[in-house]
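# Fold the following, please.
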Amino acid sequence: MAFDEFLKTVQSYNPNANEKLLKDSYDFAHDAHAGQDRESGEAYFVHPLAVACILAEMRADSASLAAALLHDCVEDASVSLETIKERFGDEVAMLVEGLTKTEGIQFSSKEEYKAENLRKVLLATTKDIRVILIKLADRLHNMRTIKFVREDKQRRIAQETLDIFAPIAHKLGMRQIKGELEDLSLKVLDPAAYKTLREKISAKREEREVMAKKHIDRIIDALKQHKITADVVGRAKYFYSIYQKMKRQKKDFNEIYDLIAIRIVTETIPECYAALGVVHELWKPMPGRFKDYISVPKANGYQSLHTSVVDEHGKILEIQIRTHEMHNLAEEGIAAHWRYKGTERDKRFDQKMNWLKQLLEWKQESRTAKEFVETLKIDLFENEIVVFTPKGDPFSLPENSTPVDFAYAVHTNIGETCSKAEVNNRIVTLDHILHSGDIVNIITQKNARPSRAWLSFVKTSKARSKIKAALGIKGEVGSASKSVVVSQASLAKKLDTAIKPASIKFSKCCAPSYGNPILAFEMKDGKITIHKKDCENTAMLDKSKAVAMGWKPEPEADLLRMRVTVKDRVGLLADILNIMAGHHVNIMSVNTRTKKDRITITFRMRMPNGLGPEKLILAIKVLQDVIDVRCYF
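Got it, this is the predicted structure:
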C-alpha cells in the first residue's frame, strides 16, 4: 500500500491526523527494513504497514500508527531507541520501547526469555494502554500469515495466542479481534476440527439464513407496529466459540449450531426494554435465560439485554438487544472509545481501561517472568465484577472479592488503613462479598492496621501479598473489628435479642434513636451497647472495645421496586412493559426468577414527576395470569 492510500484511510476517520509524523514514520521504516524479507518471501515492511492498517481500522491516533510502523526497527533493523526518540519524539519512542524485546540480559532458559518479553509488553501497557493495542494488531497479522512458519513454532504461537492475547482482547471487549485470534489458533492447534466445522457451517448456511430472515422480518414488522426504530440482523458465531461449546456441553454440532442468533440495535435504552417486550410477545421466553447487562455491565464494559425464546417450530432463538453505542463497544471494545472530536484522543480512553492496568500492576511483584505469565493466565480467565468508588471510578475485581480487596485495588495505603466499609451506603463487614455495580466507600483510620483474619477471605493476589508484607514487618495484629448494620425496622422491633455478631442493646442513659450519631462498645458479657455519640457515659468506657457501627441509610426516595408474580404466559412481560410505557415509567432494570410454574419479575424504576404507583399497580393487577403486584422502596 502506498503512503497516499494509507493516509487517505486514516484521514477518513481523523482529519486531524499528523500527516508529517505518519509520512516520516512510513519512509523511515520502509528504508530501515530495506532488503529484509519475511518467511513468506514478502518484503519485511509489509508487516509493520499491515499492523498500522489494522490499527487504522480501530481508528487509532497518529502516535500509535507511527509506533506501529516503527515497532520492529529497533529489534530487527538495528535502529537505536535514541534515534527513534530524536526523530519522532518521546511519545512514539515510549510506545516502541514497550514493544521491543529485551536485549543484553542472560536468561536461564528460552521460556524465561519469552516470558520476560511478554511481561515487558504488558507492564508497558500499565503506562500506556496503546502498547497492548499495537501488540494485538501485531499478533493478529502474524496469526494471519502463520502458515509460513515452521510447524512447531506455529503451535507455540497459537497456544500463546489462546492463553494470553485472545483473553486480553476479551478483557478489552474487542469481540472481533478476539474471535479472529481464536479461530486462527484453532486452525493451527486442531486443524481437523476446524475443517469439519467450516464444512458443516458452509453446508447449513443457506438453510439457516432463510430461517433467520423469516424471524428477522417478523421482528422488524412487530417493532414497526410499536414505533420502535431498530436494526435487526443475524449474528455470526465464531468457529472457536462453537468448538468450545461442543466440548463444554458435550453436544454435537447440530445441537449447538441450530441456535438462531439475532441482534436488535435500537436508538435508546428505553427502546431496548420495549423491544424485549415485543420479542416476548412474539415467542415464549425460556426461563432462566434472561440477562440484563445494561443495568449491570460486564467487567469489560459490555452492555446488552440477552434473552432466549422458543419459536413455533421448537427452534431456540438467542437474541441480544442493545443501543448503537453499546453495539460499537461490544464489537470494538476499548477502540470504540477512541473517537475524534477535534482532538487526537478521547480523554475517556485511558480512564476506561484503569481496571486492566490494575490487573497488570498486581503482577509486577512476581519473582520471575515465568511466574508472572503463569499467574496472569489464571487471572485472565477468571470471571470479574466491576465496582465503583463513590465518585463513579470503576475498579475491576475477581468474583467473590471483598471491600478489603477493593481497598488495596484503590491504593495500598487505603488497604492498610481500612477500618470499615460502606456498600451502596450501608455499613458492611469487611468480608462482605461484592457484586457488579456496587458502590464501595472505604473508611480509613490512621491507626488502623491489616489483620491476619483478612487473609482468610481476600481474593486478589495484591491484597494477600500486601497484607502478608504488613504483618511480616509489624507483627500480628488483632482480629478484624466487628461491623454491624442496624436498620430502622430493627430498631422499631426493640432489638435486644441476639444478632450477628453479638447481642445488641440500646443504652437507656441516652436512648439513641434512628439517625442519631452513635458509638458502640463490646461489654464484658459479650453484648454490644449502643450510645449516642455525645453521651457523657461513653467517656468512662474502654476505647479499645469500640465497635464500628452505623445506621442503615434510607434508600433513594425516587427509586421504586415493583415485584410482579405471574403464571407463565407468552407475551405477558410485553403486556406489563406496554402498561409501564403508557404510564411513562423509566425502567432501570428487569430481573426474572422462575419457581415451578410461577415467575417473579422485579423491576427497578422511577415514576414520572413523583407520582405514586397506585394506578400502575391496578392496571397490572387486572392482566390475565398476574397473581400479585407489590411495590417497595
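
# Arg563 falls within a helix, correct?
No. Assessed with DSSP: H, G, I helix; E, B strand; the rest coil, Arg563 is strand; it does not lie in a helix.

# who are the neighbours in contact with it?
By C-beta atoms under 8 Å, 6 or more residues apart in numbering, the contact list for Arg563 reads Thr600, Ile601, Thr602, Phe603, Asp628, Val629, Arg630, Cys631, Tyr632. Every C-beta, even on glycine, is put in place using the N, C-alpha and C of the backbone.

# Closest one of those to Gly89?
Phe603 (53.7 Å; C-beta to C-beta).

# just to revisit the earlier point, so which of the contacts of Arg563 is the closest to Arg464?
For the contacts of Arg563, the nearest to Arg464 is Thr602 (35.9 Å; C-beta to C-beta).

# Got the phi and psi for the closest one?
Per-residue torsions, Thr602: phi -110, psi 120 (degrees, to the nearest 10).

# which ones are touching it?
Thr602 sits next to Arg561, Met562, Arg563, Val564, Val590, Asn591, Thr592, Arg593 when contact means C-beta under 8 Å, 6+ apart.

# Please pick the buried ones from those.
The neighbour-count test (16 or more other C-beta atoms under 10 Å) marks Met562, Val564, Val590, Thr592 as buried among the contacts of Thr602.

# the domain parsing of this protein - what is it?
3-191, 194-334, 488-551, 560-632 (automatic domain parsing).

# Put together JSON lines for the buried ones among the contacts of Thr602, with distance to Arg289 and pLDDT on each row.
Converted to JSON lines, these look like this (distance: C-beta to C-beta, whole Å; pLDDT from 0 to 100):
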{"residue": "Met562", "distance to Arg289": "22", "pLDDT": "88"}
{"residue": "Val564", "distance to Arg289": "19", "pLDDT": "91"}
{"residue": "Val590", "distance to Arg289": "13", "pLDDT": "82"}
{"residue": "Thr592", "distance to Arg289": "9", "pLDDT": "79"}
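
# so which of those residues would you say is closest to Ile54?
Using C-beta to C-beta, the buried ones among the contacts of Thr602 come closest to Ile54 at Val590, 38.5 Å.

# In this structure that closest one contacts Tyr273, no?
Yes. Using C-beta atoms under 8 Å, Val590 is in contact with Tyr273, at 6.7 Å.

# joint contacts of those two?
Common contacts of Val590 and Tyr273 (C-beta under 8 Å, 6+ apart): none found.

# Can you tell me which of the domains of the chain is packed in deepest?
With neighbours defined as mean count of other C-beta atoms under 10 Å, the domains of the chain peak in mean count at domain 3-191, which reaches a mean of 19.

# Span of stretch 537-550 from start to end?
End-to-end distance of stretch 537-550 (C-alpha to C-alpha, to the nearest Å): 19 Å.

# just to revisit the earlier point, taking the contacts of Arg563 one by one, which sit in strands?
Cross-referencing the contacts of Arg563 against strands under DSSP state E gives Thr600, Ile601, Thr602, Phe603, Asp628, Val629, Arg630, Cys631, Tyr632.

# So for stretch 204-211, mean pLDDT?
Averaged over stretch 204-211, pLDDT sits at 79.

# just to revisit the earlier point, min pLDDT across the contacts of Arg563, which one?
Least confident entry in the contacts of Arg563, by pLDDT: Tyr632, with 72.

# That one reaches Arg561, doesn't it?
Yes. Tyr632 lies in contact with Arg561 (C-beta under 8 Å); the separation is 5.4 Å.

# who touches Phe28 in this structure?
Here Phe28 is in contact with Leu69, Leu70, Cys73, Arg87, Phe88 (criterion: C-beta under 8 Å, 6+ apart).

# Those: which two are farthest apart?
Leu69 and Arg87 (12.1 Å).

# any idea which helix or strand comes after the longest helix seen in the chain?
Counting by DSSP state H, the longest helix found in the chain is helix 191-225. Following helix 191-225 in sequence order, the next helix or strand is strand 230-234 (DSSP states H and E).

# just checking, what packs against that next one?
Contacts defined by 3 or more C-beta pairs under 8 Å, 6 or more residues apart in numbering; DSSP states H and E place strand 230-234 against helix 191-225, strand 260-266.

# Out of the ones in strands among the contacts of Arg563, which is nearest to Asp311?
Ile601 (22.2 Å).

# in the sheet, who's paired with that closest one?
Using DSSP bridges, the beta-bridge partners of Ile601 come out as Val564, Thr592.

# Make TSV out of the helices and strands packed on strand 230-234 and add distance to Pro287.
Formatted as TSV, these follow (distance: least, C-beta to C-beta, whole Å):
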stretch	distance to Pro287
helix 191-225	21
strand 260-266	19
